[in-house]
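Novice: Below: sequence and its predicted model.
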Amino acid sequence: MKKEILKLRGVKVHFPVQAGVFNRVVGHVLAVDGVDLDIFRGEVLGLAGESGCGKTTLGKAILRLVEPTDGEVKYISQDDDETELTSLEKKDMDPFRKKLQIVFQDPHSSLNPSFTIFGSLQDPLKKFGIKSKEERRKIIGDLLEAVNMRREYMDRYPHEFSGGQRQRIGIVRALCLEPELIVCDEAVSALDVSIQAQVLKLLMQLKKEKNLTYLFITHDLSVTEYLCDRIAVMYLGRIVELCDSEDLYNNTLHPYSEALISAIPVADLDKQTKRIVLEGDVPSPVNPPKGCPFHPRCPKATDICKTEVPTLKKYSTNGNEHYASCHLIDLPEIS
Amino acid sequence: MAKSSLDKKFDQIRKREEEKTFSTKKRSRIVNKFLNNRLAVLGLIIFTIIILASIFAPLLSPYDPMRVDLRSMRQPPSFDHWFGTDSTGRDVFTRVLFGGRVSIFIGLGSAILSAVVGIAVGCYAGYKGGWIDVIALRISEIFMSFPQIILVLLLVSITGQSLFNLMAIFILTGWGGMYRLARARMLSLREEEYVQALRSFGLSTFTICYKHMLPNALSPIMVNITLSTAMFILTEAGLSFLGLGVPLNIPTWGNILNVAQDILILQNYWWMWGPVGIVISVFVLCVNFIGDGLRDSTDPSQQG
Amino acid sequence: MLLVISFLVYSGLELSPGDAVSHMISPELASTITAEQLDAMREAYGLNQSFLTRYWIWLTSMVQGDMGYSMAGGVAISEIMVKTVPATLELSMVALFFSTILGCSLGVISALKRGSGTDNSLTVAGMAGVSIPEFFFGLVAILLFAIELKWLPVGGRLLPHYETLWDRIPNIVLPSLVLALMMTAGAMRYARSSMLDVLAREFITTARSKGMPEWRVNILHGFRVALTPVVVLIGFRLPLLIGGSTIIEQVYQWPGIGSMFIRSVRASDYPLVMTISLMYVFVVLTASLIIDVLTALIDPRVRLGKE
Amino acid sequence: MEDKNNIALSVRDLKTFFYTNNRCNKAVNGVSFDVEKGKTLCIVGESGCGKSVTAATIMQLLPTLSRIEEGEIKFQKDDKIINIEKLEKNGKEMREIRGSDIAMIFQDPMTALNPVYTVGFQISENLKYHTNLSKKEIREKCISLLNDMGIPLPEKRVDEYPHSYSGGMRQRAMIAMAMACNPKILIADEPTTALDVTIQAQIFELMDKLKKENDTAIILITHDMGVVAELADNVAVMYMGNIVEAGTADDVLRRPTHPYTKALLESVPVLGRGKNQDINPIKGSTPDPYNRPIGCQFAPRCNWQTESCDVMPEITQINETHQVRCHKYEQFFEKYK
């Protein structure tokens, strides 16, 4: 039986836009605009979408690196205790920070250039009660070995490492408090392809060894397909499709996902398909279009799309649950 | 076509590279770059000499900077009096040495103290934002909308002249610039991912801000400290020249120069004001060279 | 902003020794006035009222041009202003004009010939320019050009027999040049680093890739973009110009507001000190406003109100 | 080989070295390739392999602390062959080629356009210097170019500043600028890396159209094998300053003969192959350019390394179009055929 680790309900993150002489708030960037999402223990959930769709903001909102404007983020422990995270006081959040961690995108800014690796990583350990220095060195050393690096590297400075190595150190940092869920925010996007594959393999291996759950945020659908059990596709702050990763490719329901998949260049001459070229650009999240946010670019849009906002409905494809928010799906809805 | 100098340099480097004879000294890149900057090294050398000379002034000169000797008034430079003597027969060289002590102390001391204040406020305000930031920003704006020398003069006129007052005034007027610099650095560092990672562990603001972020903001701050040292020394000299800085009985570089307001002295007794003017200029120039060298060597965007 | 500062200045004024009444009436009158009359005047001027009310009265009269009286000369401060402000304006504008043009062009040249002998010597000269105390420089200039070579007068302005504009020019040359020189050094350094910054940007490569001649790449694409930060920085340096002019005016006996300020500080003439400082602040704030407008004119990004 | 007249640009044994920090980086170390008229050549490789430097060398847009050491770049202009490497860097002849015969677009359209001039002004500069059109004609041409690139309301857009354009539109404006004088060769240096996939698809569609309509040769620089598969006629794979394998897209993608090409293809997951596909990372990491391996640059990371790899392998012609730089290619090719 699948058990949830996180339940997101109606999560919204709005950033105020200030302008004018008095910095008056003239509008809001609707970065994340009402997301419902369950993350199950032990799965890899992909969160895909183009830049500006709010996927990174959503990831940070879970960790409260960005405060959600509205909505609930519930953490469910192994003993089925539910805790609502967004309403917690800062210090009450601490026990949950141990459980939830994040790996960042840019290997150049993710490590503090003026500290050794040990220097950067020891403070969190200190804070969470590991008082002796030897113990901290042991934990970090063990983890470095776990990511195929040498124990001695902990006394080196970040500039001595290559991009791939830094990314591994970023993973070590996320792992050092033995978390249950790791948010991987574009964790491999900045790496060269040959290194990217190394890190992907490493992530999969660690997941097995340490029983982790990943929320894998990326713009690259081919990586998500390879890595994830389920994929959520976001567009303008909302989830437009959520299903098993194979179903997303084989039984695409939403026209946006369809266009996205067809637009990705595939390094296989036998798999070339006709690209669906979308018109225009992603609209501004300050002023999203009325009705379905995708309708101005959608090749299939009808009149209803211009006026009514579609909701995420449950369908079934290939025997699996499949959520999509589009008016034009002619499958029977499941309740 | 004749080979340009650049081409020749390239040939050399290539030859060295192919023979694998390039220097592999394990020195930090920053130190290396600084040492390659000839002006900065020259600045550092002269800077050290002047500072040492001021510190060991009593050993270097047999004269008392304060003692009036009416028998040897207004003597031109000689073997006994290297820079001659002034209107009351005091040895100018000795006075320059002792004046250096006070002037450098004021310049360096005010620069460092105002940096401490500026950084302490700026780091916190820049990282945390909120009302502290707004208030500090407004206050620094008030200070910065006065031309500095006017504000200093204004405060001097209120508090009266003394060494201590002058330093306090310098700190009061100088922290704003440092505050803004520290704040701006913090604002950009705040977005770095390692800071976000620390936040995701819920570490305290104090640890993140002063322990993890501050060291990365230090190099522009160091540069700014050197530059404001130079500025404070100049301001002190200007004020004392006007007779409004340090009380006239304490020898400082500016006070020694004060005599040059008299056109007679200006015209006839060049040694009373010329050498000290040059010493100030050279010292400030050296500080500026050092600051510039530091800036270039810590700036990752410049290669060469 | 100006309000806050004026309030602070007024507080300083209040704290300074001397009764406010003595600031407000001319000293000639003061000698004939008895203590009772003084009290009556205090009543009349509302000096027995709260601090804030008095501040308000002071402020409104200030705005109307009534700045009170100087303690030393017994002259109305507004009168002193009228006499001295034009002199300072004349001096600083000439200096600003020359230093900006000279500084920008030298800075650009130095950036374009980066690493060459010209660049290095300009850099060292610029550094020297900001390091030598301006009054020392001014003294040396007097000694050299006025006393030894006798090419130019020592200083002063509007001497009695001066009538035409031509008569006045020799007097302004030395002080304005000395003042301009230190400003030039600063402007040059800013222009150089800003230009270097812009030359490393990608659109410069784009312009080259279109086959544009070098001058067009450097001037039209490079300098035009580099200009914005330079204008802003020169604006920031305006306070420095004013500060510099204070000392230079003193050195050259230039009858401007700077030397008046120093005289009043020496004489502890508080009303005058406060009023002049307030005026400086006013000038600086106005200047920064003008700079904002100027940058908006130069840079289309600012003009449209977004980045 | 091919008919000589079909070749727009021919590069032979090109070496470009960088001299920063008093060290010599052999960024491009003996590169040869031909660009055919009306075809797309993709130069593919990871960061630091020298692909962008190659492009900058062809345009003579190298930074000050670098120079062309050896080799030839032959450009065919109206029946004349011009040796680009012999021209003065910013001289008149070079400038005449730039922008009118060979044009370039860059990776990041956000920084590649000058923020203080209107888009129209920046396009018209090109026309002003390379054609004899009048002011009015230039403006009309600008509008029609923008229109061709699919920018809506070109009459209005022509007078707007780059910051009011979106990323995709800026890249279109860049292409309009590059195509203004109908260049024979368009060099595109990672033109879509900074853009989203749906916008990338738009740009590729546009480039394909231009190639067909104008017979422009395109040099497309990319790190993405997927892009190669979609767009390339010919491919050159670069690693650490050398071309390790070159040929038609069919040659290289279907019958990779160099271990590096093969490894590159296997290290990225391919959309549509599902969750169970196997990806094989390349071991180790890219070497330090100042501390290069001796001989074959890929040897330390290669599973096929032998002692003979201590010597740089020569280019071997496998068939008419396909060439490879590897000692062991025959055995390697046999195994994976």
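Specialist: That came through, no problem.
Novice: Look up how far D:Ile97 lies from B:Asn268.
Specialist: 70 Å (Cβ to Cβ, to the nearest Å). C-beta here means a position set from N, CA and C on the backbone, and glycine is covered the same way.
Novice: who's more crowded, the two?
Specialist: Between B:Asn268 and D:Ile97, counted using other Cβ atoms under 10 Å in any protein chain shown, D:Ile97 has the larger neighbour count: 23 against 10.
Novice: Surely the more buried one and D:Ile84 touch.
Specialist: Yes: between D:Ile97 and D:Ile84 there is a contact at 7.0 Å, judged by Cβ atoms under 8 Å.
Novice: can you pull the contacts of the residue nearest to C:Ser288 when sequence neighbours are not counted?
Specialist: Take C:Ser288 and drop its neighbours on the chain: the residue closest to it by Cβ to Cβ, 6 or more residues apart in numbering or on different chains is C:Gly235, 6.0 Å away. Neighbour list for C:Gly235: C:Ala287, C:Ser288, C:Ile290, C:Ile291, C:Leu294 [criterion: Cβ atoms under 8 Å, 6 or more residues apart in numbering or on different chains].
Novice: quick one, what contacts C:Leu240?
Specialist: B:Pro147, B:Gln148, C:Met183, C:Gly186 are the contacts of C:Leu240 under Cβ under 8 Å, 6+ apart.
Novice: re earlier: can you verify the residue nearest to C:Ser288 is assigned to a strand?
Specialist: No: secondary structure of C:Gly235 (DSSP: H, G, I helix; E, B strand; the rest coil): helix, not part of a strand.
Novice: circling back to that earlier point, name the residues contacting each of D:Ile97 and D:Ile84.
Specialist: Taking Cβ under 8 Å, 6+ apart as the contact rule, D:Ile97 and D:Ile84 both touch D:Phe75.
Novice: And the contacts of C:Gly235, which of them are buried?
Specialist: C:Ala287, C:Ser288, C:Ile291, C:Leu294 (16 or more other Cβ atoms under 10 Å in any protein chain shown).
Novice: Report the separation between the last one and chain A.
Specialist: It stands for C:Leu294. C:Leu294 sits 18 Å away from chain A, going by Cβ to the nearest Cβ, to the nearest Å.
Novice: what's the burial count for the residue nearest to that residue when sequence neighbours are not counted?
Specialist: Once flanking residues are discounted, C:Leu294 sits nearest to C:Val231: 5.6 Å by Cβ to Cβ, 6+ apart. Neighbours of C:Val231 under the rule other Cβ under 10 Å: 20.
Novice: just for the chain, where's the confidence low?
Specialist: Picking chain A for this. Along chain A, the parts satisfying pLDDT under 70 run over A:1, A:19-24.
Novice: should've been chain B
Specialist: Flagging of chain B using pLDDT under 70 yields the residue ranges B:1-4, B:20-30, B:69-70, B:72, B:299-304.
Novice: please redo it, this time with the cut-off set to 90
Specialist: Counting by pLDDT under 90, chain B contains low-confidence ranges at B:1-107, B:120-284, B:287-304.
Novice: Give me every residue in the stretch 1-150 of chain B that's in contact range of chain C.
Specialist: Residues of the stretch 1-150 of chain B lying close to chain C (Cβ under 8 Å from any Cβ of the partner chain) are B:Leu39, B:Arg138, B:Glu141, B:Ile142, B:Met144, B:Ser145, B:Phe146, B:Pro147, B:Gln148, B:Ile149, B:Ile150.
Novice: ok, the closest residue to the fifth one other than its chain neighbours to B:Ser110 distance?
Specialist: So the one you mean is B:Met144. Nearest residue to B:Met144, sequence neighbours excluded (Cβ to Cβ, 6+ apart): B:Gly176, at 5.2 Å. Using Cβ to Cβ, one gets 13 Å for the distance from B:Gly176 to B:Ser110.
Novice: The two - which one has more neighbours?
Specialist: B:Ser110 (27 against 23).
Novice: Quickly find the element holding that one.
Specialist: helix B:92-128 (DSSP states H and E).
Novice: just checking, what packs against the helix or strand following that helix?
Specialist: Counting by DSSP H and E, the next helix or strand C-terminal to helix B:92-128 is helix B:130-144. Secondary-structure packing of helix B:130-144 (3 or more Cβ pairs under 8 Å, 6 or more residues apart in numbering or on different chains; DSSP states H and E): helix B:92-128, helix B:163-189, helix C:2-15.
Novice: Go again with 6 Å.
Specialist: The helices and strands touching helix B:130-144, judged by 3 or more Cβ pairs under 6 Å, 6 or more residues apart in numbering or on different chains; DSSP states H and E, are helix B:92-128, helix B:163-189.
Novice: Could you list the buried residues of the shortest one?
Specialist: Along helix B:163-189, these residues count as buried under the neighbour rule (16+ other Cβ under 10 Å): B:163, B:165-167, B:169-183, B:185-186, B:189.
Novice: ok, then the element right after that helix?
Specialist: helix B:193-200.
Novice: hang on, D:Thr16 is in a helix, isn't it?
Specialist: No: counting by three-state DSSP, D:Thr16 is not part of a helix but strand.
Novice: what's the neighbour count on the residue nearest to it when sequence neighbours are not counted?
Specialist: The shortest distance from D:Thr16 to any residue other than its chain neighbours is 4.1 Å, reached at D:Val28 (Cβ to Cβ, 6+ apart). The number of residues packed near D:Val28 is 28, by other Cβ under 10 Å.
Novice: and D:Val28, what is it in contact with?
Specialist: D:Leu14, D:Thr16, D:Gly50, D:Val53, D:Thr54, D:Gly241 (Cβ atoms under 6 Å, 6 or more residues apart in numbering or on different chains).
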